[in-house]
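*Asks:* okay, here's the prediction I keep looking at, along with the sequence it came from:
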Amino acid sequence: MNNIFSTNIPNREIMGKAIEFNDAAHALYVRKHPGSPFITCASFSVELYIKSLSAKTYYDGRDSFGNYKDLYSKSDINGHRLTKLFEKVPENLQNGLRLCYLDSDYT
């Protein structure tokens, strides 16, 4: 039985990975290399940001010192098609994400 460690929205573990891929995409973008590596990093960062909005962090117990064992995060949103993932986000969050996109460097 898995126990819920955290229900922070956005999930910090998944969002941290999204930030890393966004940073990589941005580094490629400013160097004028917007080819496949840029597209891959940018797309994956968006996927992870969306998935962080419905993820929880679980643990499988505690060790003899009381520390959490086997922490992992999992999203309730599955798949890789960004438009399908976006449709699963609550409407109020969709509107906020649209505003963030319009304010980004990529528009």
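*Replies:* Nice, thanks for sending it over. Bear in mind the structure is a predicted one, so any value in this text is a computation, not a measurement.
*Asks:* helices or strands up against the longest helix belonging to the chain?
*Replies:* When the chain is parsed with DSSP state H, its longest helix is helix 12-30. Contacts defined by 3 or more CB pairs under 8 Å, 6 or more residues apart in numbering; DSSP states H and E place helix 12-30 against helix 36-52, strand 55-59, strand 72-75. Where you see a C-beta, it was placed from the backbone N, CA and C, and this is true even at glycine.
*Asks:* save the ones you listed as CSV, and put in distance to P10 too.
*Replies:* What follows is these, written out as CSV (distance: least, CB to CB, whole Å):
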stretch, distance to P10
helix 36-52, 4
strand 55-59, 8
strand 72-75, 10
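*Asks:* excluding its backbone neighbours, what's nearest H80?
*Replies:* Excluding the flanking residues, the one nearest H80 by CB to CB, 6 or more residues apart in numbering is E47, at 6.3 Å.
*Asks:* report the contact partners of the one you found.
*Replies:* By CB atoms under 8 Å, 6 or more residues apart in numbering, the residues touching E47 are 18, 80, 82, 85.
*Asks:* of all these, which two lie farthest apart?
*Replies:* A18 and H80 (14.0 Å; CB to CB).
*Asks:* and the two? Which one has more around it.
*Replies:* A18 (20 against 9; other CB atoms under 10 Å).
*Asks:* noted, bye for now.
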